[in-house]
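**Q** Here is the input, now give the coordinates:
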Amino acid sequence: MCTLRVGVFLWTLIVLSLIVLTVLVPVAKDANDMTSLRGGNNFHSWRRWLAPLYVVGASSTLLGIITRLPTRQKRERLKDSGHDGLWAYVNVFFVVGILKGISVVVFSALIACRVDEVIATNYFVVLALPFYVFGVLTLLDSALHRIFIHKLRGNSAGSCNIFVISIPFIIAVGLVLASVSMVSMRLNDLDRARHGAAGDVFSLHAALIPVYVLLGSFLFSTLMIFCFMCFFLLTEDGEASNSPHGDAATEGNDEQQGSEAHSGGEKGVEGGHDDDGQPSRNDSFFQESRRNRDVRDMPQGAPDTPTVLNGEMFLPQRPRQRLSDID
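**A** This is a model prediction of the structure:
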């Protein structure tokens, strides 16, 4: 837990230092340019203004030491899990982490001294070489980490698989290093022109073309991932709406509503009344009245001919005779 807190603190310090550096560098550059245009020589010292870069280098080195230090607890943990043979990877991770931090420290010191013209070293050595060392160590660290994870999970990690997985990362690092190399070329051309040498100066927009390609590829990949996610979600919604389970559920809901309506109707006509409190048509009074009306309206046939109406047989009613009418 203590190591985690220290790591979070160092990462926070690195991010804050980089933010401060992005503010200080343009301010110092503009101030030195204005001094140069006025013909003065009171320039700001880059060795002071680049102090946040020293903090970044020191924090990176400490982060590599603290988070990757081969401790007894790590070895016992590997031994308990049956992966004692992976202890060599832990030692390699520790060395690679320290070298990455040292490359940042060396770059910070060299670039500050070169800009202040304390040293006259070529910019390829001052700028490009530390970046190349850091990039190669980052690729090595990534490949070793993938191999370590595969072996820790018990999977066979082939060199071809590791290479195929690392292709996007290798391309990204290669584009960054190409841009750094061209920026170093431009700085060397500017330094020669400042000292009176003839020759063309490599343009900055041409030097940053690999960075533009990298940013464009990143934005395009992000857009494609977003489009595929939207298409997948729409496809899932369409399949869910057209699935037989959804139709069965709809039919079940309709049947349930029909049964509820039927039960409600039975409750409404119970006791001979409808839902509005009026006598129901299924009441015996209404049935008897309807039957008598049908009998009155039936056609007259033979006197004793029965009449079938609505499936029921009715005999014609003869008028009653009084005793006085009988002879």
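**Q** before we move on, what SS does residue 39 have?
**A** coil (DSSP: H, G, I helix; E, B strand; the rest coil).
**Q** and it, how many neighbours does it have?
**A** 6 (other Cβ atoms under 10 Å). Heads up, the C-betas are built off the backbone N, CA and C, glycines and all.
**Q** for residue 205, same thing?
**A** By other Cβ under 10 Å, the burial measure for residue 205, its neighbour count, is 7.
**Q** Please identify which helix or strand holds it.
**A** helix 204-207 (DSSP states H and E).
**Q** Spatially nearest residue to residue 64 (excluding sequence neighbours)?
**A** residue 97 (2.8 Å; Cβ to Cβ, 6 or more residues apart in numbering).
**Q** returning to that earlier point: what is the mean pLDDT for the next helix or strand after the helix holding residue 205?
**A** Proceeding N to C from helix 204-207, the next assigned helix or strand is helix 209-242, under DSSP H and E. Mean pLDDT, helix 209-242: 84.
**Q** Stretch 188-196 too?
**A** On average, stretch 188-196 scores 81.
**Q** how far out from the middle of the chain is that stretch?
**A** With Cα atoms, centre = their mean, to the nearest Å as the basis, stretch 188-196 stands 48 Å off its chain's centre.
**Q** So which bits of that stretch are buried?
**A** 188-189 (16 or more other Cβ atoms under 10 Å).
**Q** what do you get for stretch 199-218?
**A** Those would be 202, 207-208, 210-211, 214, for stretch 199-218 by 16+ other Cβ under 10 Å.
**Q** So residue 182 sits against residue 203, correct?
**A** No. The criterion here is Cβ atoms under 8 Å, and residue 182 misses it with residue 203 at 9.4 Å.
**Q** what does stretch 219-239 rub up against?
**A** Residues outside stretch 219-239 that contact it (Cβ atoms under 8 Å, 6 or more residues apart in numbering): none.
**Q** What residues sit buried inside that stretch?
**A** For stretch 219-239, it's none, nothing buried (16+ other Cβ under 10 Å).
**Q** next one: stretch 75-92
**A** Buried-residue list, stretch 75-92, by 16+ other Cβ under 10 Å: 78, 83, 89-90.
**Q** List the buried residues in whichever strand or helix holds residue 141.
**A** Taking DSSP H and E as the definition, one finds residue 141 inside helix 129-152. Buried residues in helix 129-152, counting neighbours by 16+ other Cβ under 10 Å, are found at 129-135, 137, 141-143, 147-148.
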